[in-house]
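Student: Coordinates for the following, if possible.
(2 chains)
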Amino acid sequence: MRSTLVAALGGIALTIASCSISDSIKSSSESSASSSGSSSSSSASQRESYTSDVRDYTAAYAKSGGQFEGFTRGLSSIASKHGVSNWEDDLDTYTGIGAGLKKANIPAAQFEVWKQNLAGSDASKAAAMQKGYNDQQPQ
Amino acid sequence: MTAAGTRRAIAALVLALFSAPAPAPAATVDYLYVEANEGGSAGGHVALGLGDEVFHLQHENDGLLQMHRDTRLVFRTRYALLENRPVHVARLQLPDDAATALRDALMRRWLIEGAERDRVAALDADVALYASLDAASGDAGALAWPVRAGGYFLSDAVGAETSTSGHSRAIAAVRDALLAAHGADLLDADLAATDAALAALPLGAVASGTVAPAPDSYPAFAPTVSTRLSELLELRTALQVLRAAPSLRADALVDAAVPPLTTTEVAVLHAFAQQSQTALLALVASARADMGYALLLGLARLAAVEASLQVNRLLVLDAWPADAPTPALPAADERPAYFAALREQTALFSARQRVKCLSADACREPDYTRLESALNRSAELTRAEGLGSAPRSGAEPLVPARPAVRRDLGLCRVSADSAATALQAARTAATDYRRSRARHENYELLTRNCVTELLAQLDDAARHDAPRPPWEAIPFVSATAVADDYPVIARETWPSFRQRAQQPTWGSWLTEATTLTARGYRPTARDSTFLFFTDSAVAPRPLFGAANVAVGLAGGTLGLVTWPVDGGRRLRGGLLGVLYSAPELVFVNLRKGTTAYLTTAELEGAGDDAVACAAR
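Tutor: Down below sits the predicted model:
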């Protein structure tokens, strides 16, 4: 009897407002929590988080077979979440891209095309992409 | 060494050589069940924790169920502390490849949904563009369009050429280096090319054959006309700013009144400015279609650093968007402590980010962005507290993008009929895309909610094939089911804010039992009207619930009288009070009250716990 009541009331509770968050709780204290985490975590871990997101984005995009121009637009959106607007100036971007291409099982010959398109004649960018590609485990 | 010691050492060596290697720890995922409370997710909530990431689904205002990703600290702060809900963590053991597959699936969904939202925004911008064009009967000369980050140099409604004033030596240095390397005509040539691209923009075209979203495939689509318009205007404005090298507008910067720059910080800022100049030179030659915003932002930041060095004080760009929300303030008697807590926190985080960016090591763009964001929040708090109003809030990090509305866009005129046709097509494309998204992302109470979708992801990754009964869509039922279906290797509970405040004594229990006496209760403005907390009172729960119903009814009745004055706030509180008190009559507790703010010690204590939890 009690479990039936509990389930029934649970169902009522579910209908009230399920899975949504009250806007009032997106408060200054929650912003403070983000700031606390951001200010406390090391630059190394923040760089790792950025590289990881670039990797995952690249892998998802590469599998979709989309256009190169669309790739850079989406990459800008990912980079912005990490406070990066000039992602071409950040070698972590290229490491992440290389890792993402390996994760997407892009063969070496196709990877070379990506590398040429993105790194061009910049040896350090090309090396960062290659390192990311070499160090990543394929899926 | 003695003979006995030698024998022990040999025995240990033999044991080490011939023992089976200790098994590598299996992969794990945390199933997080968040208890019920009034407000959003009243019936409870669930999430999956992998490392420091917590993935969970939210029912958004547009009716869609969307994936969110938070750090453990933010998740724990939001739910356990601010929403005052205990969070029960069950650490599940999974096959190694299953945890990796699960994270990949969750991450892929998060990325795909983010891209879809960007697409919706782009299609909506097309509608806005063609609505303006249609209103002007195809006269593109009458159009105006916002340019991101242009607002740091330009005022609104500026013509094709910049109307700027002042002079930035730092920006001039970039311009002069660029022209020296590539020829005196470079900027004029680039501007001419941009103007030509604007004139050639196919204003009558609308994103045709809108790609319907596919659930597991990252969406790839051509840019909309409004996207290309924005990119070209940003580029044109950036090139014009580079050519004119103006100073920033007077209101472009915020001063968080922090201590003056030290000698080391001055040196680091100089180095950052130098490195930024080099990066901007390379950026001008970039093939990125969206390079213009990054160039404009970089030039504005360079000018901000220049201003900081001139006055020997940190000045940063105003990063607040015009539509930044302002959450409600707590009750009047809580506000002094609320502002004191936020003041302490913003000062602490600003100081930390300052050290990270301006210590002896080189400052990188993301570090500067976080410093800029922290100083913006600090200045905002000072402004809001001075006015007695709520400070604006926004996702971290705040990224500057103040727009300037530009006219004389250089677009070609189209016929009135073309404009009308394009508007209709744009509206159809936006509607069709929304409908396509809704088909596989719409929230459904029992079949597609924050529980069912996460369970499906977990079960798919772990190859758990048994179908789940419909009642496992209820959060607390799902937590039990998951513990039955997967090996649980550890459990813990993140106590709610009030649970942390309670001492294991009768005196504390009695004090914390009512809203009038509880020390661990800092209500938000949205809390319902009630007297007794019933989350830790099981036996007297129906009695307390009856009292709460009575208090809710009384509050609601009074609210009918005060409605003209308080806008229905008291009436709403009373009605909700009755609603959330009713289950208490049959021993069911939902409501636990919420927390309006946290002190720095409470916030950072949650961080320590979150770090420890993720590491275990």
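Student: Summarise which helices and strands the helix or strand where B:V561 lies is packed against.
Tutor: Taking DSSP states H and E as the definition, B:V561 sits inside helix B:541-566. In terms of contacts (3 or more C-beta pairs under 8 Å, 6 or more residues apart in numbering or on different chains; DSSP states H and E), helix B:541-566 is packed against helix B:569-581. Heads up, the C-betas are built off the backbone N, CA and C, glycines and all.
Student: For the helix it packs on, output the C-alpha coordinates as CSV.
Tutor: C-alpha atoms of helix B:569-581 as CSV (Å, rounded to 0.1, in the frame of the first residue of the first chain):
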residue,chain,number,x,y,z
ARG,B,569,4.4,36.7,-4.9
ARG,B,570,2.8,35.9,-1.5
LEU,B,571,-0.2,34.2,-3.2
ARG,B,572,2.2,32.1,-5.3
GLY,B,573,4.2,31.1,-2.3
GLY,B,574,1.1,30.1,-0.4
LEU,B,575,-0.3,28.0,-3.3
LEU,B,576,3.0,26.2,-3.8
GLY,B,577,3.3,25.8,-0.1
VAL,B,578,0.0,23.8,-0.1
LEU,B,579,1.0,21.8,-3.1
TYR,B,580,4.4,20.7,-1.7
SER,B,581,2.9,20.1,1.8
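Student: Quick one: mean pLDDT for it?
Tutor: Helix B:569-581 shows a mean pLDDT of 93.
Student: ok, residues contacting that helix?
Tutor: The contact list for helix B:569-581 (C-beta atoms under 8 Å, 6 or more residues apart in numbering or on different chains) reads A:16, B:38, B:525, B:527-530, B:545, B:548-549, B:551-560, B:562-563, B:590-591.
Student: If any of the residues you listed are buried, put those into a PyMOL selection.
Tutor: Filtering the contacts of helix B:569-581 down to the buried ones (16 or more other C-beta atoms under 10 Å in any protein chain shown) takes a single PyMOL command:
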select buried, (chain A and resi 16) or (chain B and resi 38+525+527+528+529+530+545+548+549+551+552+553+555+556+559+590+591)
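Student: related to what we said a few turns ago, quick one: the helix holding B:V561 to chain centroid distance?
Tutor: Computed by C-alpha atoms, centre = their mean, to the nearest Å, the chain-centroid distance of helix B:541-566 equals 36 Å.
Student: And stretch B:385-393, by the same measure?
Tutor: Mean-position distance between stretch B:385-393 and its chain equals 20 Å (C-alpha atoms, centre = their mean).
Student: And stretch B:212-227, by the same measure?
Tutor: The chain centre lies 22 Å from the centre of stretch B:212-227; the measure is C-alpha atoms, centre = their mean.
Student: which residues are contacting it?
Tutor: Residues contacting stretch B:212-227 (C-beta under 8 Å, 6+ apart): A:60-61, A:63-67, A:69-70, A:73, B:108, B:111-112, B:115-116, B:119, B:122-123, B:125-126, B:128-129, B:201-203, B:205-207, B:210-211, B:231, B:289, B:432-433, B:436-437, B:440-441.
Student: 6 Å instead, please
Tutor: If you take C-beta atoms under 6 Å, 6 or more residues apart in numbering or on different chains as the criterion, stretch B:212-227 is touched by A:60-61, A:64, A:66, A:70, B:112, B:115-116, B:122, B:125-126, B:129, B:207, B:211, B:436-437, B:440.
Student: For the helix holding B:V561, the averaged confidence score.
Tutor: Taken as a whole, helix B:541-566 has a mean pLDDT of 94.
Student: now do stretch B:66-83
Tutor: 93.
Student: C-alpha coordinates for that stretch, PDB please?
Tutor: Output of stretch B:66-83 as PDB, limited to C-alpha atoms (Å, rounded to 0.1, in the frame of the first residue of the first chain):
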ATOM      1  CA  GLN B  66      19.200  18.700 -23.900                       C
ATOM      2  CA  MET B  67      22.500  17.300 -22.600                       C
ATOM      3  CA  HIS B  68      24.500  19.400 -20.100                       C
ATOM      4  CA  ARG B  69      28.000  18.900 -19.000                       C
ATOM      5  CA  ASP B  70      29.300  20.300 -15.700                       C
ATOM      6  CA  THR B  71      32.300  19.800 -13.500                       C
ATOM      7  CA  ARG B  72      31.600  17.900 -10.300                       C
ATOM      8  CA  LEU B  73      32.100  21.200  -8.300                       C
ATOM      9  CA  VAL B  74      29.400  23.100 -10.200                       C
ATOM     10  CA  PHE B  75      27.000  20.100 -10.200                       C
ATOM     11  CA  ARG B  76      27.500  19.500  -6.500                       C
ATOM     12  CA  THR B  77      27.200  23.300  -5.700                       C
ATOM     13  CA  ARG B  78      24.100  23.700  -7.700                       C
ATOM     14  CA  TYR B  79      22.100  20.600  -6.500                       C
ATOM     15  CA  ALA B  80      23.500  19.700  -3.100                       C
ATOM     16  CA  LEU B  81      24.100  23.200  -1.700                       C
ATOM     17  CA  LEU B  82      22.100  25.800  -3.600                       C
ATOM     18  CA  GLU B  83      19.100  23.500  -4.200                       C
END
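Student: If you tally nearby residues, what's the number for residue 91?
Tutor: You didn't say which chain, so I picked chain A. When neighbours are defined as other C-beta atoms under 10 Å in any protein chain shown, A:L91 has 18 of them.
Student: if you could check chain B rather than the one you did, that'd help
Tutor: Neighbour number of B:R91 under other C-beta under 10 Å is 18.
Student: And for B:D484?
Tutor: So B:D484, with other C-beta under 10 Å, has 7 neighbours.
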